[in-house]
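Enquirer: Sharing a model prediction with you, sequence too.
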Amino acid sequence: AAGMTIGGKIPFTGTFANFSTGRVYDQIRQSIAYSDKNVKICASHAGLTLGEDGATHQILEDIGLMKMLPGMTVINTCDYNQTKAATIAIAEHHGPVYLRFGRPKVANFTPEDQTFEIGKAVLLNEGKDVTIIATGHLVWEALQAAEQLEEKGISAEVINIHTIKPLDEAAILASVGKTGCVVTAEEHNFLGGLGES
């Protein structure tokens with residue numbers, strides 16, 4: 001993939017997240033990140049919801065691995081529509097990108113005709129008591145949690161952090177400044193992931 005960029009191509013790689021990042025980390029570090037190659041690493045089957053394939057196929061460190069690399073953009077989409085929009089956006093973005101998505105069936109709840117803006121969080125639900133910042137398919141779970149909290153008299157603001165790097169710090173700080181409380185939701189280790197960010 002790195003070699004193809006030299007000829008002006010925009011290669012998209014694709015396999016399970018564990019193999020897209022952990023198994024080939026040195027190649028990504030040397031041949032893609034350090035040399036700023038325009039490679040799009042697309043990784044499916046991230047996190048624990050891979051289920052029956054077990055620990056050899058599950059990964060909870062991939063966001064952290066990719067986030068540490070210089071110049072690497074890290075995106076974790078929440079549904080089919082957002083993944084499609086992100087794919088178009090990263091094709092137009094110059095530089096290495098890690099696009100992560102899961103395996104489980106989740107609701108397709110974002111607009112079909114959306115414009116994906118790298119590094120720009122999406123406010124999905126306004127609230128005043130707690131901020132839930134979520135990424136990946138846990139965005140849908142966060143929306144469900146907000147509904148349940150509303151029934152208990154707790155107003156939850158839900159923000160879709162689809163881009164972990166660069167992180168929309170302004171959106172997070174504005175929300176937390178209002179609510180005074182924040183919870184993160186991700187299918188990844190807190191260390192290196194959205195929570196740490």
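Expert: Arrived safely, thanks for sending.

Enquirer: What score does the closest residue to Ser35 other than its chain neighbours have for pLDDT?
Expert: Leaving aside its chain neighbours, Ser35 sits nearest to Ala2 (7.2 Å; criterion: Cβ to Cβ, 6 or more residues apart in numbering). To be clear about C-beta, it is placed using only N, CA and C from the backbone, and glycine gets the same treatment. Looking at Ala2, its pLDDT is 95.

Enquirer: Number of residues surrounding Ala2?
Expert: 18 (other Cβ atoms under 10 Å).

Enquirer: Go ahead and flag the most central residue of the chain.
Expert: Centroid-nearest residue in the chain: Asn76, 1.6 Å away (criterion: Cα atoms, centre = their mean).

Enquirer: Please name the residues that touch that residue.
Expert: Ala46, Ile63, Arg100, Phe101, Thr135, Gly136, Ile161, His162, Thr163, Ile164, Glu186, Leu194 (Cβ atoms under 8 Å, 6 or more residues apart in numbering).

Enquirer: How about the backbone phi and psi for it?
Expert: When read as degrees, to the nearest 10, the backbone of Asn76 gives phi -130, psi 100.

Enquirer: do the same with the one 5 residues further on
Expert: Its backbone dihedrals place Asn81 at phi -60, psi -40, with angles given as degrees, to the nearest 10.

Enquirer: What lies in contact with the least confident helix or strand in the chain by mean pLDDT?
Expert: Lowest mean confidence among the helices and strands of the chain (mean pLDDT, DSSP states H and E): helix 17, at a mean of 92. By Cβ under 8 Å, 6+ apart, the surrounding residues in contact with helix 17 are Ala43, Ser44, His45, Ala46, Gly47, Ile59, Asp62, Arg100.

Enquirer: what does stretch 113-127 give?
Expert: With Cβ under 8 Å, 6+ apart, stretch 113-127 has contacts from 73, 75, 81-82, 85-86, 88-90, 93, 110, 133, 139, 143, 146, 155-163, 166-168, 171-172, 175, 179.

Enquirer: quick one: low-confidence ranges for this protein?
Expert: 50-51 (pLDDT under 70).

Enquirer: now the helices for it?
Expert: Along the chain, counting by DSSP state H, helices occupy 2-6, 17, 25-27, 62-67, 80-92, 138-151, 169-179.

Enquirer: Could you say which of the ones you listed is packed most deeply?
Expert: Among these, judged by mean count of other Cβ atoms under 10 Å, the one packed with the most neighbours on average is helix 17 (a mean of 30).

Enquirer: In this structure Leu99 contacts Lys40, no?
Expert: Yes: the pair Leu99 and Lys40 passes the contact test of Cβ atoms under 8 Å, sitting 6.4 Å apart.

Enquirer: so what sits against both of these two?
Expert: Taking Cβ under 8 Å, 6+ apart as the criterion, Leu99 and Lys40 both touch Ile90.

Enquirer: export stretch 99-106 as PDB, just CAs?
Expert: Below are the C-alpha coordinates for stretch 99-106, written out as PDB (Å, rounded to 0.1, in the frame of the first residue of the first chain):
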ATOM      1  CA  LEU A  99     -10.700   4.100   9.900                       C
ATOM      2  CA  ARG A 100     -12.100   1.700  12.500                       C
ATOM      3  CA  PHE A 101     -15.500   0.000  12.600                       C
ATOM      4  CA  GLY A 102     -17.100  -2.900  14.400                       C
ATOM      5  CA  ARG A 103     -18.900  -6.100  13.500                       C
ATOM      6  CA  PRO A 104     -22.200  -6.000  15.400                       C
ATOM      7  CA  LYS A 105     -25.400  -5.000  13.800                       C
ATOM      8  CA  VAL A 106     -26.300  -1.600  15.000                       C
END
